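Peer 1: predicted model and sequence below, questions to follow.
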Amino acid sequence: MSVGRHIILPVETAARELDAKLLLGVHAAQRGLSATVGVKAHVNVALDRLERGLFLSPNFHRSSDRTIATAANLGHRVAAWDEEGLVWRTPESYRARRASRPALSGVETLFAWGPQQADALKPALRGLDAEMLLAGNPRADLLRPEFRARYRARADALRAEFGDDFILINSNFGQVNHLLGHGRTENGGRSLDAISARTGHALGYLEHRLALFQAFAALIPRIAERFPGRRIVIRPHPDEAPSAWAKAASSVPGAIVRFDGDLLPWLIGASHIVHNGCTTAIEAALLGRAAISYRPFVADEHEIPQPRVVGLEAGGADELIAMLADATISDRPPQEARAALAGLIASCDGPTASERIVDELEAMLARPKAPPSPLRRMAGHAAILRRRFSQHRRRGVANSSVNPLYYGHKFPPVPTAQIEERVRFFAEALAFRAPKVQEMSDRIYRLTPA
């Protein structure tokens, strides 16, 4: 049973990952590899139908235990990175929440964002065969100057719509404002105890995040009152319920809730970027911009440190409003930001993450590996059948992650022509031949060398 020169790239959130994985697919095609890119909910139940190759898992969380084992049982090689591996509170909390031993035991190569994540993961890899490579992530590649042109036209359109001085509030409160309504009570309130039991988050941490969420909601009318001529755009995290923000903004002149398209044009187009504990700040820093971390409550044991070290801080509403009055502050990142970025992302300089990763994927596919036994292959096919049945049964359940309304929010349908346009842009920017694009099924695309 041979393994083809083929990589499988599931996408959890299109606005965050789709362009990055298409870029990786373009690099792969330049080396003669084909790539399947598609929504995770569909790709994971098609692993028995896809050409055998290399499955690149978007995480090694316990939710991927079965998927990684199934991919290996079906004869796919398995590598992984963690889309959420760039920001976290402490190494211990990161390992406890994101590094599942069963998942990691099925991974041959693990791609780390940078030195900080690699150091945090080393204890989780003791006794396992997985190799770790400091690679960065293709999401960081998109922020390099050669690719920014793709997002400038959209950024200009946003400025034309909202004005040159619009304020972007990038929210990150999915723990207490989840799209699926986790912890919601019958009267519309929240049970932090229920959320804690479901997620494993400590109650103190959830109380801190809820207080921040409420402080951000209270901040919106303060900003509108101080800057009546400016638009305030609230961009909820993909896992958040936009309705809670719509309610907070409903009576505030100039405030609007928007979650559409890629994040990067918003970071380029906004006059000011406000967040708390969000990867947004790191992406802004890679663009040479400075996001503002709003910290009305300081609780070091509950806060995410990485975004703060590459941007600016405001300790209260008055301080934040003073910073929003400075038209140039967002383009003056702190001097220490570049050094901090190097500790977070291995591919800030030198070869891109895509180049480093494709080098290793080619090497993995060239290394011999014993095929799975007939019994393991049977187990893999059985697991896929069970998963298809489970997805079919849960499609209509309102709070299910396989409900099309949920994953459709995170990965809306994308016309093949738009995928072709994105792929063509990346190929031209790299002076590569653009791969062919074929839509294999709903939100699953195949890139093949031209």
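Peer 2: Sure, I can see it.

Peer 1: in the protein, which spans are strands?
Peer 2: Along the chain, the segments classed as strands by DSSP state E run 6-11, 34-39, 54-57, 77-80, 109-112, 131-134, 167-170, 232-235, 255-257, 272-275, 292-294, 312-314, 436-441, 444-448.

Peer 1: low-confidence stretches in this structure?
Peer 2: For the chain, residues meeting the criterion pLDDT under 70 lie at 1-2.

Peer 1: which residues touch the top helix by length along it?
Peer 2: Secondary structure assigned by DSSP state H gives helix 203-226 as the longest helix of the chain. With contacts defined as CB atoms under 8 Å, 6 or more residues apart in numbering, helix 203-226 is touched by 89, 167, 169, 171, 173, 175-177, 190, 192-193, 195-196, 230, 232, 234, 244-245, 248-249, 251-255, 276, 294, 296-297, 299, 301-303, 317, 320-321, 324-325. (Glycine included, C-beta is placed from N, CA and C.)

Peer 1: nearest spatial neighbour of residue 342, chain-adjacent residues omitted?
Peer 2: residue 348 (5.3 Å; CB to CB, 6 or more residues apart in numbering).

Peer 1: quick one, helices of the stretch 1-150 of the chain?
Peer 2: 14-30, 40-43, 65-73, 91-98, 101-105, 115-125, 138-141, 145-162 (DSSP state H, counting those that start in this stretch).

Peer 1: what residues of the fifth one count as buried?
Peer 2: This means helix 101-105. 103-105 (16 or more other CB atoms under 10 Å).

Peer 1: run the chain-centre distance for it.
Peer 2: With CA atoms, centre = their mean, to the nearest Å as the basis, helix 101-105 stands 21 Å off its chain's centre.

Peer 1: who's in contact with that helix?
Peer 2: Residues contacting helix 101-105 (CB under 8 Å, 6+ apart): 57, 59-62, 64-65, 68-69, 80, 110, 124-125, 128-130.

Peer 1: on that earlier part again, now, of the helices of the stretch 1-150 of the chain, which is deepest in the fold?
Peer 2: helix 138-141 (a mean of 26; mean count of other CB atoms under 10 Å).

Peer 1: what about the closest residue to residue 270 other than its chain neighbours, distance to residue 319?
Peer 2: Nearest residue to residue 270, sequence neighbours excluded (CB to CB, 6+ apart): residue 168, at 3.8 Å. Distance of residue 168 to residue 319, given as CB to CB, to the nearest Å: 18 Å.

Peer 1: who has more neighbours out of those two?
Peer 2: Relative neighbour count places residue 168 above the other of residue 168 and residue 319, with 26 against 15, counting by other CB atoms under 10 Å.

Peer 1: look up how far residue 83 lies from the more buried one.
Peer 2: 21 Å.

Peer 1: next: residue 279.
Peer 2: Distance, residue 279 to residue 83, using CB to CB: 9 Å.

Peer 1: tell me which residue of this structure is furthest from the middle?
Peer 2: Note on the chain: the largest C-alpha distance from the chain mean falls to residue 374, namely 35.9 Å (CA atoms, centre = their mean).

Peer 1: residue contacts, the nearest residue to residue 267 once chain neighbours are set aside?
Peer 2: For residue 267, ignoring the flanking residues on the chain, the nearest one in space by CB to CB, 6+ apart is residue 284 at 5.1 Å. By CB under 8 Å, 6+ apart, the contact list for residue 284 reads 267, 273, 290-291, 310-311, 330.

Peer 1: if we can go back for a sec, of the helices of the stretch 1-150 of the chain, which is nearest residue 410?
Peer 2: Nearest to residue 410, of all these, is helix 14-30, at 6.7 Å by CB to CB.

Peer 1: does anything pack onto the closest one? Which helices or strands?
Peer 2: Applying 3 or more CB pairs under 8 Å, 6 or more residues apart in numbering; DSSP states H and E, one finds that helix 14-30 contacts strand 6-11, strand 34-39, helix 138-141, helix 353-366, helix 416-429, strand 444-448.
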